[in-house]
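# could you look at this predicted model? Sequence included:
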Amino acid sequence: MSRHFKCPETRAQAPATRRFNNSGTWRRLAAGIGFAAFFAMPAQAGIPAPFAPVVIQPVGAPGRAEFDLTAVLERARRENKWLYVYLGASDCPYCRKYEAFLEKNAVELVPHFSRYIVVDLRSSLSVTTDALFIRIADTSRPYVEFQKSIGDERTRTVVYPSVWLLDGKPKPLMQLPAGTGTFQTVAEQLEILRLEQ
């Protein structure tokens, strides 16, 4: 036997409840806001899980996206590893293509990443060169200045996707291409990981 309980206030609240339920205005408004918020949020970028990426989200005031590499550099020194730093944009089709390539070839590629700590800097195309900063310890540098400080010859505007192979100092282990066509075959990816120029 089931029993139904009524709240004592039900009768007093019935007209307001009826108006709310009948009109459905608030429900449609809430649904519309949720729907708009869903589409306003960028899709998550990302190196696939089998590569065990360290995900670094940007922090900073509006108009400034700062990525802090301090902790991963300290870890690289402790573990005697190198960094595979990937700067991708959540709304970048070429980034999605590269990430899909990694996902498809994960079984073959993951063992070759064992020398690296994979770092996934999650950005978006709206983050321009002037707004992107890289922090190491107490120093935060604009993107181009960061490139110069580590000896990267690609000192120019931000290009998605970009990859750096860094030692613990950090200095580039080799100069890499960026943007479309980045490491689209297993052979090319393995050459990069093995530092074959």
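Yep, it's here. Nothing here was measured: the structure is a model prediction, and the numbers come from that model.

# what pairs with the residue nearest the centre of the chain across the strands?
Closest residue to the average C-alpha location of the chain: Arg122 at 1.9 Å, with CA atoms, centre = their mean. The partner list for Arg122 in beta bridges (DSSP bridges) reads Gly88.

# ditto for the one 10 residues further on
As for beta bridges, Leu132 partners with Ala65 under DSSP bridges.

# give me phi/psi at Leu69?
When read as degrees, to the nearest 10, the backbone of Leu69 gives phi -90, psi 0.

# so it is in contact with Val85, correct?
Yes. With contact defined as CB atoms under 8 Å, Leu69 counts as touching Val85 (7.3 Å). From N, CA and C alone the C-beta is placed, and that goes for glycine too.

# neighbour-wise, which of the two wins?
For Leu69 versus Val85, neighbours defined as other CB atoms under 10 Å are more numerous around Val85 (25 against 22).

# test for you: state the pLDDT assigned to the more buried one.
Reading off the confidence values, Val85 has pLDDT 96.

# so it sits in a strand?
Yes. Under DSSP: H, G, I helix; E, B strand; the rest coil, Val85 falls within a strand.

# that one: what's it in contact with?
With contact set as CB atoms under 8 Å, 6 or more residues apart in numbering, Val85 has these partners: Leu69, Val119, Leu121, Val163, Trp164, Leu165, Leu166.

# take those and lay them out in JSON lines including distance to Val186, secondary structure and pLDDT.
Listed next are the contacts of Val85 as JSON lines, based on distance: CB to CB, whole Å; DSSP: H, G, I helix; E, B strand; the rest coil; pLDDT from 0 to 100:
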{"residue": "Leu69", "distance to Val186": "28", "secondary structure": "coil", "pLDDT": "98"}
{"residue": "Val119", "distance to Val186": "21", "secondary structure": "strand", "pLDDT": "98"}
{"residue": "Leu121", "distance to Val186": "24", "secondary structure": "strand", "pLDDT": "96"}
{"residue": "Val163", "distance to Val186": "16", "secondary structure": "strand", "pLDDT": "91"}
{"residue": "Trp164", "distance to Val186": "21", "secondary structure": "strand", "pLDDT": "92"}
{"residue": "Leu165", "distance to Val186": "17", "secondary structure": "strand", "pLDDT": "94"}
{"residue": "Leu166", "distance to Val186": "23", "secondary structure": "strand", "pLDDT": "95"}
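
# overlap in contacts, Leu69 and Val85.
Contacts common to Leu69 and Val85, judged by CB under 8 Å, 6+ apart, are Val119.

# tell me the span between the first and last residue of stretch 134-151.
Separation of the first and last residues of stretch 134-151 by CA to CA, to the nearest Å is 14 Å.

# stretch 120-139 now?
This stretch, stretch 120-139, spans 20 Å end to end (CA to CA).
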